[in-house]
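**Q** Got a predicted structure here, sequence first:
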Amino acid sequence: AAVAGPAEEGRAALSAGRSQEAAALLLAAVEAHPGDMDLRADLGRALAWSGRYEQAQSAYQAVLLSRPDHREALLGMIRLEGYRGRFQEALAAAARALALHPQDSEFEAERSRLNSLLRNSRCSLQQRFTVSCGYGHEDYSFTGPGNGLSASLRDRRFHGWDAGVSASYEHRFALDDLDLGVSALRRLPRWGGWAGFSLGGATRHVLLPLLRGSLEGGRALGAGFGAETKFSLRHYDHAKVLSFSPSLTWEGHGLALNGSYGLASTYFDSGVRSGALSSWSARAAWMASCPVIPWLSYARTREGFEAGSVLSAQSFSADHYSVGAAVHLPRGLVVDAYGERELRSISSQKISRFGLGASYSWGKMP
């Protein structure tokens, strides 16, 4: 009975996502009942969710030393190595698990996911910091050209967050503006996903929104699939735009595919009825060709305003055709380039875009 109290409370805290509290309770339970391997496996999971990876590894190893076929400890060790970016070690653990539990669907799904992560890691930068800069140019068939510059700094381990600051300058339609922003995301190991936010706004807000913000998140679905969702608000001087965009990804056989749908509504301060913008897009990247990763995409957008709106004459649809590539160079350098053609239904308007960017990464991950 003395052991049941902290054990049950610890497992309840773990189920509720209170990993720090769960780790303390389960540690007390393990000390009172050291021969209970199920408790030790639960302790390892709580420690892993708390980010105490070395201690979690010790807890799992203690279980597997006594019971090499313990399923939850094997699964925990696989996921732990994956959290740490040690994909080869995680795949070796998955192979050992499948040898002991043949045809286990969860172990098979973990191995498939890890193979995808390992393939991507050859072109994924594991360094802590990344600085990026970019240039974009737009040519319109109906007005003068536009240009844009961007710069950002990213820290992947900022007090447990993957955080960044950014600045961008845009010049279009004889107007220019500067946007400043921050963003951050955090892994959620319990759900196998992540969540984050972004905040920013323009200094002059004549072209870009006075305030912008978003909440987003995603999680792995197994068998190479993943889902993401984003809610955002853009507040201009005389209007607000609310948008919602879910997307689905799949990775396998060297391909990375993404499909998304977006829906936005515009609310004008002048009393004009809200407009609606819908879009859908598809993107494919050939990941197996690292260090050069080519991609292409297609998107279709449609904007319409309700009857009675003074903007009804400007309702239109547009097709976007894009192609690009990321080139991974030695010593943490990456060069990105893209080109896009947008064709609008309004008076056969055409927009051509191209962009060029570069980034450099450095610093070891703790």
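**A** Perfect, thanks for sending it.

**Q** what's the helix or strand for Thr249?
**A** Remark: Thr249 resides in strand 239-252, with elements defined by DSSP states H and E.

**Q** list the buried ones in that strand?
**A** Using 16 or more other CB atoms under 10 Å as the burial criterion, the residues of strand 239-252 that qualify are Ala239, Lys240, Val241, Ser243, Ser245, Ser247, Thr249, Trp250, Glu251, Gly252. To be clear about C-beta, it is placed using only N, CA and C from the backbone, and glycine gets the same treatment.

**Q** check contacts around the fourth one.
**A** Yep, that's Ser243 we're talking about. Residues in contact with Ser243 (CB atoms under 8 Å, 6 or more residues apart in numbering) are Lys230, Phe231, Ser232, Leu233, Arg234, Gly262, Leu263, Ala264, Ser265, Leu277.

**Q** same deal with the third one?
**A** In this structure, Val241 makes contact with Pro209, Leu233, Arg234, Ala264, Ser265, Thr266, Tyr267, judged by CB under 8 Å, 6+ apart.

**Q** just curious, which of those residues is nearest to Leu296?
**A** Nearest to Leu296 among the contacts of Val241 is Ala264, at 24.5 Å by CB to CB.

**Q** From Gln20, how far out is the nearest residue to the closest one once chain neighbours are set aside?
**A** Residue nearest to Ala264 in three dimensions, not counting chain neighbours: Ser243, with 3.7 Å by CB to CB, 6 or more residues apart in numbering. Ser243 sits at a distance of 35 Å from Gln20 (criterion: CB to CB, to the nearest Å).

**Q** which outside residues touch the lowest-mean-pLDDT helix or strand in the chain?
**A** Ranked by mean pLDDT, DSSP states H and E, the weakest helix or strand in the chain is helix 105-121, scoring a mean of 80. Residues lying outside helix 105-121 but in contact with it, judged by CB under 8 Å, 6+ apart, are 74-75, 78-79, 82, 85, 87-88, 90-91, 94-95, 97-98, 101, 220, 222-224, 251-252, 254, 256, 287-288.

**Q** Narrow those to those in helices?
**A** Secondary structure defined by DSSP state H assigns 74-75, 78-79, 82, 87-88, 90-91, 94-95, 97-98 of the contacts of helix 105-121 to helices.

**Q** coming back round to it: so the residue nearest to Ala264 bridges to which residues?
**A** Using DSSP bridges, the bridge partners assigned to Ser243 are Ser232, Ala264.
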